[in-house]
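How does the following fold in three dimensions:
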Amino acid sequence: MESRLEVERDVNVIEDRVAGVLAGAAVGDALGGATEGWTPEQIEERHGGRVTGIVGPFLPDWRTARPIAPYHKGDGHVTDDTLMTHALIEVYAARRTHLDAFHMASDLVPLMIGEPRWIPELEQEALILQRVFLAEKWIVAKLHYGHVDPREAGVGNIVNCGAAMYMAPVGLVNLGDPEAAYAEAIDLAGAHQSSYGREAAGVFAAAVAAAAAPGATVRDVMAAALRVAHDGTAAAIVAVLDAVEEHRASSRADDPRELARVVRAAVAPYDTVGDAYRAMAMDARLPSRTKSIEELPVALGFVLAHDGDAREAVLAAVNYGRDSDSIATMAGAICGGLAGRAGVPSEWVDAVTEASRLDLEGVIQTMADVVRDVTAADARRAREKAAMLDGLLTGAAL
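Numbering: from 1, shown residues only. Down below sits the predicted model:
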């Protein structure tokens, strides 16, 4: 029997890791949203140098400015990455078990289309559906209106990071088991994405599961990601991590601008979007076994380059530009898993929760309760299976 002190210690570890992951993801999303879609050079010109914290919108006339209208990015506002992450947590809270593609249809889509909530970038109550990108609207069209088999609904969608960006909760309910996290995310994301977009969802969930395990290191996270990754996603991660290691050993290791250039050059052969981020080629975002989304390998690269430091990894993502909110979301979640709550800058957490009107503490407590319930059920099943297998091996079950 575990002592009360041991139980409380385990509970505190769970809450700390959950808090780190969700706070890291939210602040990464909010900070990265302000620079999304722009180049590092444009970001520095706009802000008079590298971004070091929360900044305002890239274009002050955000209500009408193209191409970002009508979204108020920046000023601590989270984007659809966090909205979808917290919606998935609501599904876990309702079901209190592992999820699959069918839960996307039965639970997540109804939340997207039926329950208004505060949308920080719109500065009003609205549906999640009214904020998300076309690749996320796809799951509503396919599952709610098209009644497609959820396991196949992701086929034909724009291949992007849309499913990966909100898979951190899957990593948390499989805390310490990257392979299980990968399998659950691959199943769940089948309703949303296919090809390397779906693969990235699985690998990101695995990275979070590895990071949140007590005593985990940055190397453990990278090893877990590489164990589960396939095809172009695996190749892109290897290329970025190798490039980061080479950069760390170079004479320019302390130059953050050079790190961004090195990482971009390493991931570019696998990224279908291309260098002109807002002017993609006709073959961009099509299924492929040789390609990868950009966001996940880059996030892993920044985590490695900064030894799991949430502040530095998130800022590297913010100043990288391109899909900076999703890159920073993933980097922040992984770093938060490694270091726990204390690893995420509290001034960012306070500012983002206030600006976005987030009940982050409530979401953290809800997710921690889910993780405890699911983990307890997993442990019980594991004991029962172990006893059954021991019986088979010893002949006791005959």
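
All the helices of the stretch 1-150 of the chain, residue numbers only.
Secondary structure of the stretch 1-150 of the chain, counting by DSSP state H, counting those that start in this stretch: helices at 4-33, 40-47, 80-95, 101-103, 109-114, 134-139.

Among the ones you listed, which comes closest to Asp255?
Evaluated over the helices of the stretch 1-150 of the chain, closeness to Asp255 peaks at helix 40-47, with 12.1 Å, by C-beta to C-beta. All C-beta spots, glycine's among them, are computed from the backbone N, C-alpha and C.

which of the residues in the closest one are buried?
40, 43-44, 46-47 (16 or more other C-beta atoms under 10 Å).

could these go into JSON lines alongside distance to Ala313 and pLDDT?
Output for the buried residues of helix 40-47, formatted as JSON lines (distance: C-beta to C-beta, whole Å; pLDDT from 0 to 100):
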{"residue": "Pro40", "distance to Ala313": "16", "pLDDT": "97"}
{"residue": "Ile43", "distance to Ala313": "17", "pLDDT": "97"}
{"residue": "Glu44", "distance to Ala313": "19", "pLDDT": "97"}
{"residue": "Arg46", "distance to Ala313": "22", "pLDDT": "95"}
{"residue": "His47", "distance to Ala313": "19", "pLDDT": "96"}
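
Need these in a markdown table (columns: distance to Ala185).
Formatted as a markdown table, these follow (distance: C-beta to C-beta, whole Å):
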| residue | distance to Ala185 |
| --- | --- |
| Pro40 | 30 |
| Ile43 | 31 |
| Glu44 | 35 |
| Arg46 | 35 |
| His47 | 35 |
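
For Val370, list the residues it contacts.
Applying C-beta atoms under 8 Å, 6 or more residues apart in numbering to Val370 gives the contacts 89, 92-93, 96, 173.

List phi and psi for it.
phi -60, psi -50 (degrees, to the nearest 10).

Now do it against Ala26, distance only.
From Val370 over to Ala26 the distance is 17 Å, taken as C-beta to C-beta, to the nearest Å.

Report the contact partners of Arg227.
Contact partners of Arg227, counting by C-beta under 8 Å, 6+ apart, are 178-179, 206.

circling back: which among the contacts of Val370 end up buried?
For the contacts of Val370, buried by 16+ other C-beta under 10 Å: 89, 92, 173.

Now do the same for the strand or helix carrying Ile334: mean pLDDT, whole number.
Remark: Ile334 resides in helix 324-339, with elements defined by DSSP states H and E. Here helix 324-339 scores 98 as its mean pLDDT.

Now that helix - C-alpha only, PDB.
What follows is helix 324-339 as a C-alpha-only set of coordinates in PDB (Å, rounded to 0.1, in the frame of the first residue of the first chain):
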ATOM      1  CA  SER A 324       5.100  30.800 -35.100                       C
ATOM      2  CA  ASP A 325       2.100  30.300 -32.900                       C
ATOM      3  CA  SER A 326       1.900  26.600 -33.500                       C
ATOM      4  CA  ILE A 327       5.700  26.200 -33.300                       C
ATOM      5  CA  ALA A 328       5.800  28.100 -30.000                       C
ATOM      6  CA  THR A 329       2.800  26.100 -28.700                       C
ATOM      7  CA  MET A 330       4.600  22.800 -29.200                       C
ATOM      8  CA  ALA A 331       7.900  24.100 -27.900                       C
ATOM      9  CA  GLY A 332       6.200  25.600 -24.800                       C
ATOM     10  CA  ALA A 333       4.200  22.400 -24.100                       C
ATOM     11  CA  ILE A 334       7.300  20.200 -24.300                       C
ATOM     12  CA  CYS A 335       9.500  22.500 -22.200                       C
ATOM     13  CA  GLY A 336       6.600  22.900 -19.700                       C
ATOM     14  CA  GLY A 337       6.400  19.200 -19.400                       C
ATOM     15  CA  LEU A 338      10.100  18.900 -18.700                       C
ATOM     16  CA  ALA A 339      10.300  21.600 -16.100                       C
END
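
now, which of the buried ones among the contacts of Val370 sits nearest Ala216?
When the buried ones among the contacts of Val370 are compared against Ala216 (criterion: C-beta to C-beta), the nearest one is Val173, at 16.4 Å.
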